[in-house]
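Based on what follows, work out the 3D shape:
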Amino acid sequence: CLLRKSGWARFFMSASRALALGGCAGAVAPQGRWVIRMGGSPVALPQEAVIMDEEALSRALRRVLDGASQQAAALPVSAAPQARFINVEGGVLVKRAGSVDFTPAQPSTVLHQGDTVQTQSNGWARIQFGDSTNYVLSPNSLIVVEQSQFTAHHSSLAVQVSSGRVDLSTGQFDGAGSSSRVRFANAAAALKQNTRAEVVSKNNAGTLTVVAGAARVRRGHQTVRVGAFQRLNVQPGRAMALSTVAQAPQLVAPGNLEPLVAARPAQVRVHFQWTAAPGAVRYELQLSRSPLMSNLLLQRRLTGTTTVVSGLAAGNYYWDVASIGSHGAVTPPLDANKFSLIASKAGGKLPLRLTQVTEIAPGVLEVDGQTAPGAKVLVNDDVVGLIQADGSFQYITPNLPRQPDFVLTVTAEDNEGRVATRTRHVNIQ
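Below is the predicted model of the structure:
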């Protein structure tokens, strides 16, 4: 079964899949999160999800299989939790609406309208809202969730960036009246869907840099449209000023979620490559163990588009590249790539094949394949829970972004240390 996170949770189930389900029951975990048990294995779900009990699920599946409806049963989602932390590193504090006290944030902390989030000098946080908008807070940042309302057909988000630096990306809007706004330096920016931007705010001054999508910024009687690779400078007592920044490069290698397998990982020369970006005279490569790009292991400025790094231990790494223009202005990077250095402990190849990749719903893929019995399988870094005794597996992805050349990466690893990977380019509608 599949739970979608957009306003309603829907089950998509074909007859053959339903017969293999073997029971699906909901229960509440001690922390108040819902879990769903499939074949005895509990899987935690977002706190806002509401799961049918086994009897209700059986009735819903029976209606689908009997052909009474072409779509699966719809389950309402509670409107209470409007945002949640995806990553929390270092000192991150939360002040509830109406409270005067800050308390430490936890990965399980949910946010509501009126809450305040503050990162300390060593703090980093990634917050995901109900419309899939993401905010990444750098150290010494303060934001207030001014409006946070999400339903099946409408979303409305407004965030005040009081101080610090925030990288944000808006999701796909549900409904014609949906909106996503960010306020900073006494200006208000209305963001388009699928927009990626950086907001910097300090002492009633700030900047908005857009690297994808667009925003319309209003302060007083002045309104300015900010497009991709443009920066808006907001200063008190002056008109807002728009400038062009260098474009951000596309990351080429290592590819996202690419495994690099070697007997001695520390001796591997990792080749980094990215595309040349119009307007850039230099680039800044950053390497980290964190998806938030905190505690950098490497920060290297170059004039070319390739470099080599060696001496890395086995493990997971994240990297991105920022552009630097002729006047020294730095353009925020696009999404970081993740790669893994894996120590191979045995000879021989691990079998792995993809038998089918099918889009079963808008933005949702079903991945079928087979590997060696007993091997672990990951699809785009998510563990596959349903693997048969013969090594055949099936996986349903979460809702994926709509893009014409989405890269699906499947990795298998067995107890002997053998690793295999397969990629598939998919046009997601």
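
middle-most residue in this protein, spatially?
Asn134 (7.3 Å; Cα atoms, centre = their mean).

Leu232 against Arg225, yeah?
No - with contacts counted by Cβ atoms under 8 Å, Leu232 stays clear of Arg225, the gap being 9.4 Å. The C-beta positions use only the backbone N, C-alpha and C, and glycine is treated the same way.

quick one: which of these two has more around it?
For the pair Leu232 and Arg225, the greater number of neighbours falls to Leu232 (24 against 13), based on other Cβ atoms under 10 Å.

Dump the lengthiest strand in the chain to CSV, keeping only the CA atoms.
Secondary structure assigned by DSSP state E gives strand 155-169 as the longest strand of the chain. Output in CSV follows, covering the C-alpha atoms of strand 155-169 (Å, rounded to 0.1, in the frame of the first residue of the first chain):
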residue,chain,number,x,y,z
SER,A,155,-1.9,25.5,0.8
SER,A,156,-0.9,28.8,2.3
LEU,A,157,2.6,29.3,3.9
ALA,A,158,4.2,32.5,5.2
VAL,A,159,7.5,32.6,7.0
GLN,A,160,9.3,35.5,8.5
VAL,A,161,13.1,35.4,8.3
SER,A,162,14.1,37.7,11.1
SER,A,163,17.8,37.2,11.0
GLY,A,164,20.4,34.8,9.5
ARG,A,165,20.6,32.9,6.2
VAL,A,166,17.9,30.5,4.9
ASP,A,167,17.9,28.3,1.8
LEU,A,168,14.4,27.4,0.7
SER,A,169,12.7,25.4,-2.0
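
ok, and for it, which residues are buried?
155-161, 163-169 (16 or more other Cβ atoms under 10 Å).

swap in stretch 319-339?
Buried residues in stretch 319-339, counted by 16+ other Cβ under 10 Å: 319-325, 329-334, 336-339.

cool, stretch 190-203 as well?
Under the neighbour-count criterion of 16+ other Cβ under 10 Å, stretch 190-203 has Ala190, Leu191, Lys192, Gln193, Asn194, Thr195, Arg196, Ala197, Glu198, Val199, Val200, Ser201 buried.

What of stretch 211-219?
By 16+ other Cβ under 10 Å, the buried positions in stretch 211-219 come out as Val211, Ala212, Gly213, Ala214, Ala215, Val217, Arg219.

now these in JSON lines, with pLDDT and secondary structure?
Formatted as JSON lines, those follow (pLDDT from 0 to 100; DSSP: H, G, I helix; E, B strand; the rest coil):
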{"residue": "Val211", "pLDDT": "96", "secondary structure": "strand"}
{"residue": "Ala212", "pLDDT": "94", "secondary structure": "strand"}
{"residue": "Gly213", "pLDDT": "95", "secondary structure": "coil"}
{"residue": "Ala214", "pLDDT": "97", "secondary structure": "coil"}
{"residue": "Ala215", "pLDDT": "97", "secondary structure": "strand"}
{"residue": "Val217", "pLDDT": "98", "secondary structure": "strand"}
{"residue": "Arg219", "pLDDT": "97", "secondary structure": "strand"}
